[in-house]
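Peer 1: Requesting a structural model of the entry that follows:
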Amino acid sequence: METPQVNELFDPATEFGARVAALLAGEESVWLTTVGPAGTPQPNQVWFGWRAGSFLVFSRPDRPKLRNIARDPRVALHFNGTGSGGDIVVFGGSARLELATDPDEVAAYLEKYRDGLAGLSMTADQFRAEYSVPIRVIPDRLRGF
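Peer 2: Okay, the predicted model is just below:
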């Protein structure tokens, strides 16, 4: 995966920005929270790729999160904290279904999860067939401590 660069949301040269960059580069999953039909948060733990200031997530078709995004693209992504309320990082932004994905970005994503896929007895091709809907999340805000 690419190392996050300085962008509008965080600067890896700061203490907080360095923690964000480390999470983006090293964490296996993030919580994607969509807005349900009744306006309630709907969190789902997902694998993710980070590249050029956006997240790439894959979903199975016909999942509630896809209907939620179609109805309301506002989402949040957050990492697990320390368990005692520390190391909180939450991105907010908008999501859209991605019609076409960069093959290099998909290859990097699949490489990141090679061991995870093997643990599920799933090949990269099987994953792409089953999780066939790419979601692009463009964050526009970041909070944490």
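Peer 1: Okay, helices next: where are they in the chain?
Peer 2: Assigned by DSSP state H, the chain shows helices spanning 15-26, 64-71, 103-112, 114-119, 124-130.
Peer 1: Give the buried residues for the longest one.
Peer 2: Okay, so that is helix 15-26. Across helix 15-26, burial judged by 16 or more other CB atoms under 10 Å covers Gly17, Arg19, Val20, Ala21, Leu23, Leu24. C-betas here are computed from N, CA, C, even on glycine.
Peer 1: Any chance of CSV for the helices of the chain, columns distance to Pro37?
Peer 2: Formatted as CSV, the helices of the chain follow (distance: least, CB to CB, whole Å):
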stretch, distance to Pro37
helix 15-26, 31
helix 64-71, 7
helix 103-112, 29
helix 114-119, 31
helix 124-130, 25
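Peer 1: So for Pro43, which of those sits nearest?
Peer 2: Nearest to Pro43 among the helices of the chain is helix 64-71 (9.5 Å), distances taken as CB to CB.
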